[in-house]
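Engineer: Model the following, please.
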Amino acid sequence: MLKLNYVALSLLALCITAGSTVQAAGWGSITGQFILEGDVPAAVPLVAKGDQNAKDAAVCAANGVPDDGRAFNPENKGIANIVVYMRRAKVIHPDLKSSKEKIVMFDQKGCNFIPHMQIVRTDQTIICRSSDAVAHNVHVTPFANSAVNFIVQPNDRTGVEVKMPLAEPVAPYVEVKCDIHPWMRAWWVVVDHPYAAVTDKDGKFTIKNLPEGKNQFRVWHEKIGFINKKWDIDVKADKTTALDTVEVPLASFKD
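Structural biologist: Sure thing, here's the model as predicted:
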């Protein structure tokens, strides 16, 4: 029995080793767009310009604070800040196994976090700095990584370093908030692979150098939850596959 168990364990170890060295036959990219179904509503800011009742109004109400959770482009109906990500990456392109940019910037400007939605790989360092003349705090409570809560001093351009060395197993999107200015919210999408993207102001995204064949993605937005939990995409080698435009109903955006 012991001998059989040893053989079985040896075979299992061999399979795991073989699986870890598997390589894709080819690599391809995808591009797509998410747009609003129906008319684009008038934008309603989180803080109106000139609102003297807002906290730290001289800074926070100088230009107003947009609602980045409802960022719709009136010109083409594009929806910004939708996350498209692969839950797990079994194979990673050799050029993408580690991040080329080891530092990502996270700013606070006009009492708003910039960027609102950001991909953060586990080998990157986040620099939290401020362009504002008032203090903010960065309060993050992830599941796998250590929680952080610290003050960012006014006009601190050096910033405070934060690391998220573990992939978040429950959900990669980690909320960031400022307790001093409660309307301030942002998200870090913490992943241990390069196959994740955030839609731009036109609702567009691109993910490059994916393994050819069937790949499954999740699509998430902070006001909706999952737009698609199992988005199967067939990636063609040496080709950028343009996906059909996806329309998202306005009614699905909720507080």
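Engineer: count of neighbours near the closest residue to K204 other than its chain neighbours?
Structural biologist: In this structure, K204 finds its nearest non-sequential neighbour in Q33, 4.7 Å apart by Cβ to Cβ, 6 or more residues apart in numbering. Any C-beta I mention is one placed from the backbone N, CA and C, and that applies to glycine too. Neighbour count of Q33, defined by other Cβ atoms under 10 Å: 21.
Engineer: Quick check: W183 touching D68?
Structural biologist: No: contact criterion Cβ atoms under 8 Å: W183 and D68 do not qualify, at 10.6 Å.
Engineer: helices or strands up against whichever helix or strand the residue nearest to K204 is part of?
Structural biologist: Per DSSP states H and E: Q33 is located in strand 27-37. With contacts taken as 3 or more Cβ pairs under 8 Å, 6 or more residues apart in numbering; DSSP states H and E, strand 27-37 sits against strand 204-211, strand 225-235, strand 240-242, strand 246-249.
Engineer: mind listing what's buried in it?
Structural biologist: W27, G28, S29, I30, G32, Q33, F34, I35, L36 (16 or more other Cβ atoms under 10 Å).
Engineer: Does A43 belong to a helix, a strand or coil?
Structural biologist: Put simply, A43 is coil when judged by DSSP: H, G, I helix; E, B strand; the rest coil.
Engineer: Find me the pLDDT at it, would you?
Structural biologist: Predicted confidence (pLDDT) for A43: 95.
Engineer: since we're on it, how many residues are nearby?
Structural biologist: The number of residues near A43, taken as other Cβ under 10 Å, comes to 12.
Engineer: That one: what's it in contact with?
Structural biologist: P66, D67, R70, F72 (Cβ atoms under 8 Å, 6 or more residues apart in numbering).
Engineer: what does V190 give?
Structural biologist: V120, R121, T122, P142, N145, M164, L166, A167, E168, P172, Y173, V174.
Engineer: And the nearest residue to F226 once chain neighbours are set aside, how far from S98?
Structural biologist: Closest residue to F226 apart from its sequence neighbours, by Cβ to Cβ, 6+ apart: W220 at 5.6 Å. Distance, W220 to S98, by Cβ to Cβ, to the nearest Å: 25 Å.
Engineer: Same drill for those two, tell me which one is more crowded.
Structural biologist: Taking other Cβ under 10 Å, W220 and S98 do not tie; W220 has more neighbours (21 against 11).
Engineer: The more buried one reaches V83, doesn't it?
Structural biologist: Yes: here W220 lies in contact with V83, judged by Cβ under 8 Å, at a distance of 4.8 Å.
Engineer: where along the stretch 51-200 of the chain do the strands fall?
Structural biologist: Using DSSP state E, counting those that start in this stretch, the strands of the stretch 51-200 of the chain run over 83-85, 103-108, 113-114, 117-121, 125-128, 136-140, 148-152, 160-163, 173-177, 185-191, 196-198.
Engineer: Switch those strands over to TSV; also include mean pLDDT and distance to P41.
Structural biologist: Shown next, in TSV, are the strands of the stretch 51-200 of the chain (pLDDT from 0 to 100; distance: least, Cβ to Cβ, whole Å):
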stretch	mean pLDDT	distance to P41
strand 83-85	98	22
strand 103-108	98	27
strand 113-114	98	23
strand 117-121	98	20
strand 125-128	98	32
strand 136-140	98	29
strand 148-152	98	33
strand 160-163	98	35
strand 173-177	97	24
strand 185-191	98	20
strand 196-198	98	22
